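need a structure here:
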Amino acid sequence: MLRERFHCRETHAALLGDEERHLLAAKEAILAARAAIERVGIRDPFFLTSLEPWDPGDDHPIVRRMVRAAADAGVGPMAAVAGAVAAAGVEAMVEAGAAFGVVENGGDIAFVTDRPLRIGVHAGSSVYSDRYAFVLPPTRSVRGCCTSSATVGPSVSFGTADAVTVFSDDPVLADAWATRLCNDLRPEDRSALDRLDPARVTAVCAVFDREVVRWGAVPPVVRARVDPALITAVDSR
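Prediction:
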């Protein structure tokens with residue numbers, strides 16, 4: 001397996017694949033996705049800043065996916081940008097013939113895999129952080145495992161969770177809902193989960209320090225040693 005870090009402005013990604021040509025396909029697709037998003041942002045800056053659903057009226061596929069996911073979750077379209085960029089990368093890997101490919105973009109993961117795949121749990125100062133991993137089964141279709149946090153990273157959040165991880169067959173939707181649930185979900189108030197469509201979001205696992213909230217078919221969790229050095233992070237310099 002090959003692993004490579006890829007950085008382009010706000011995108012800080014980790015790419016995993018079996019062949020160099022698959023990684024190259026992912027990088028080219030990520031750059032193309034970014035170019036489309038940036039083009040729309042120049043024409044309509046509100047697309048980049050809105051915290052509520054917003055449609056800039058652009059027909060590019062990645063923009064349409066972000067707009068639809070944001071509308072479904074009730075968040076701004078940029079809440080789905082990391083998942084959208086990651087999905088574009090893995091979908092390009094599949095088109096290049098990959099049966100295994102992962103793009104992790106700041107905690108938002110798109111993947112296709114022909115083997116069990118472990119995804120580590122990183123949840124800030126929680127007692128569960130870096131000690132456990134989800135075990136995802138093989139899948140021939142691209143899926144998403146996206147995480148939002150109120151205590152880790154630079155993203156805007158109005159919640160309190162150390163990590164809210166959302167699983168979906170659509171990485172873009174997973175990213176949008178991770179943001180929304182991280183904003184709204186509380187251990188004592190789980191009503192935000194009532195808005196989920198089980199046909200679109202398959203599972204949620206939220207960590208609040210020592211408390212864990214689960215919804216849906218959460219993948220098996222095993223003990224693991226998560227190496228923090230493998231976690232992509234935005235350079236603050």
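
C-alpha only now, for contacts and for neighbours.
OK.

now do the contacts for Ala79.
70, 175-176, 179 (CA atoms under 8 Å, 6 or more residues apart in numbering).

would you mind giving both backbone torsions of it?
As for Ala79, its main-chain torsions (degrees, to the nearest 10) stand at phi -70, psi -20.

residue ranges of the strands in this structure, please?
Counting by DSSP state E, the chain has strands at residues 2-8, 11-17, 101-105, 108-113, 117-120, 132-136, 139-148, 163-168, 201-208, 211-216, 221-223.

nearest to Thr113, of the contacts of Ala79?
Asp175 (19.4 Å; CA to CA).

pLDDT at that closest one, what is it?
pLDDT for Asp175: 98.

how about the longest helix along the chain, which residues are buried there?
Using DSSP state H to define each element, the chain has its longest helix at helix 20-43. Along helix 20-43, these residues count as buried under the neighbour rule (16 or more other CA atoms under 10 Å): 22-27, 29-34, 37, 40.

export those to CSV and tack on distance to Ala192?
Listed next are the buried residues of helix 20-43 as CSV, based on distance: CA to CA, whole Å:
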residue, distance to Ala192
His22, 38
Leu23, 37
Leu24, 39
Ala25, 37
Ala26, 34
Lys27, 35
Ala29, 34
Ile30, 32
Leu31, 34
Ala32, 34
Ala33, 31
Arg34, 31
Ile37, 29
Val40, 31
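
which one of the residues you listed is nearest Ala80?
Using CA to CA, these come closest to Ala80 at Ile37, 11.4 Å.

what's near enough to touch that closest one?
Contacts for Ile37 were tallied using CA under 8 Å, 6+ apart; they are 62-63.

same check, this time on Thr113
Thr113 touches 99-102, 137-140, counting by CA under 8 Å, 6+ apart.

where are the low-confidence patches of this protein?
Scanning the chain with the threshold set as pLDDT under 70 gives 153-156, 228, 231-237.

change it to 80
Within the chain, the stretches with pLDDT under 80 are 153-158, 226-237.

contacting residues around the residue nearest to Gly83 when sequence neighbours are not counted?
Among residues not flanking Gly83 along the chain, Val172 sits closest, at 4.7 Å (CA to CA, 6 or more residues apart in numbering). Applying CA under 8 Å, 6+ apart to Val172 gives the contacts 65-66, 69, 80-84, 87, 144.
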